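K.L.:
predicted model, plus sequence, below.
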Amino acid sequence: MSGLSQPSQPPSPDLSIPRFFARLQDPRRAHRRLHRLQDIVVIALCAVIAGAEDWQQIVTFGRKRLDWLRGFLELPHGIPSHDTFERVFDRLKPQAFHTCFRDWVQAVSVALRIKHIAIDGKTLRGSASAKLGPLHLVSAWATAQHLSLGQVAVDAKSNEITAIPALLEMLELNGALVTIDAMGCQKAIARKIIDQGGHYALVVKDNQEHLLEDIQQAFIRALDTDFAGLDHDVYQKRERGHGRQEYRCYTVLHSTEGIRNADAWADLTTIGMCYSERTVKGETTTEVRYFIGDKKAGARYYARGLRNHWGIENNLHWQLDVTFGEDGNRVQKRHAAENLALLRRLTLSLLKAHPSTDSVARKRFAAALDTTVLEEILRADGILEKP
């Protein structure tokens, strides 16, 4: 997607969204297709950029901007009804929608040379119905580019452990560091990341037998001997702002001595510890966290990755809830909710790519009021080209 390049660089038509989504197969019977599938998707995308949060609002946007939309869409039968939008998005298989998204993401990832991918889960609480609980999605986020790389729904009878490998299959990992919280600290997940050419930094808690205990004991021994003879590195960081002070100290040991079943973890070379202090209004709290990694890199490398990991919370999950109202969205049909969630993530990526320094909320508001702003967001991706 050209908008994800630096603003000074020319757009790349090879990364335009329509090119990748044109292959999406229409799930409707041919004789009942009054509206082109790509038109439905583009209208929905434009509407969500401009602030729409449900099918009715998408239709309202379409009707109010009908003349503008006809500048690049044929729309022989006007704007589809909200029932049509809901029916089409519910019949679209999320896997097929994801495939188009995945192909676009992989092309973008290669062009941008993504170096760090954070993976984390999020629940869409408003999607719960009488028969099903809320939809839970595991997402991948390129922390430096602020780009949503993909999502996978967690099966109702499963958890993130089974969804993460499926999500990894969608990603181009070559050379990238993948960070995951303790739920993803699994041998099979570490192996999959390595097999796909990536590196991992996995947070360790007590869900893996002996691993946390062994790491803690290794650091106790290292501290008792002042790291004598040990290949190690330390990185410290102090920050002040917003009425708080923070101190973090990252220490890595490039040794797996004392770690039971260390060979079961793919290419494991490094164990790490992060000690943090946080002072707010005179009260200080401390925390110690542990992690493992395959790359024999310095403490700063791991510090940057683990610190930036939480960008997925602030720049993706928080934006989706606060700016897009995702947590309160009441679309309950499973496929429709999952596909609309993917559309929101695509929209957020486009908005983040826009060079304006305004907040995402202001960009959406401006796009709703002024089609020239909306055109700026869309034109870089070839969406405004006449079909």
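P.N.:
Structure received. This one's a predicted model, so the numbers in the text were calculated from it and none came from an experiment.
K.L.:
drop to CA atoms for contacts and neighbour counts, all remaining ones
P.N.:
Noted.
K.L.:
any idea how far Thr347 lies from Lys205?
P.N.:
Separation of Thr347 from Lys205 (Cα to Cα, to the nearest Å): 35 Å.
K.L.:
scratch that, Val288 is what I was asking about
P.N.:
For Val288, the distance to Lys205 equals 11 Å [Cα to Cα].
K.L.:
what is the burial count for Ala336?
P.N.:
Each residue near Ala336 was counted by other Cα atoms under 10 Å, and the total is 21.
K.L.:
how about the contacts made by it?
P.N.:
By Cα atoms under 8 Å, 6 or more residues apart in numbering, the contact list for Ala336 reads Glu86, Arg87, Phe89, Asp90, Arg91, Leu92.
K.L.:
Pro94 now?
P.N.:
Contact analysis of Pro94 by Cα under 8 Å, 6+ apart lists His335, Glu338, Asn339.
K.L.:
helix/strand/coil for Arg330?
P.N.:
With DSSP: H, G, I helix; E, B strand; the rest coil as the basis, Arg330 sits in coil.
K.L.:
which of Thr347 and Lys205 has more neighbours?
P.N.:
Neighbour comparison, Thr347 and Lys205: the larger count goes to Thr347, with 22 against 18 (by other Cα under 10 Å).
K.L.:
so which strand or helix has the more buried one?
P.N.:
Assigned by DSSP states H and E, Thr347 falls within helix 334-353.
K.L.:
next SSE downstream of the lowest-mean-pLDDT helix or strand in the chain?
P.N.:
Scoring the helices and strands of the chain by mean pLDDT, DSSP states H and E places helix 17-21 at the bottom, with a mean of 74. Downstream of helix 17-21, the first helix or strand assigned by DSSP H and E is helix 37-49.
K.L.:
extract the C-alpha trace of whatever helix or strand Arg221 lives in and format it as CSV.
P.N.:
If you go by DSSP H and E, Arg221 is part of helix 211-224. Coordinates of the C-alpha atoms in helix 211-224 are reproduced here as CSV (Å, rounded to 0.1, in the frame of the first residue of the first chain):
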residue,chain,number,x,y,z
LEU,A,211,10.8,-22.8,32.8
LEU,A,212,10.1,-19.8,35.0
GLU,A,213,11.6,-21.5,38.0
ASP,A,214,14.8,-22.4,36.1
ILE,A,215,15.2,-18.9,34.7
GLN,A,216,14.8,-17.4,38.2
GLN,A,217,17.4,-19.7,39.6
ALA,A,218,19.8,-18.9,36.7
PHE,A,219,19.6,-15.2,37.5
ILE,A,220,19.9,-15.8,41.3
ARG,A,221,23.2,-17.7,40.6
ALA,A,222,24.4,-15.0,38.2
LEU,A,223,23.7,-12.2,40.7
ASP,A,224,25.4,-14.1,43.5
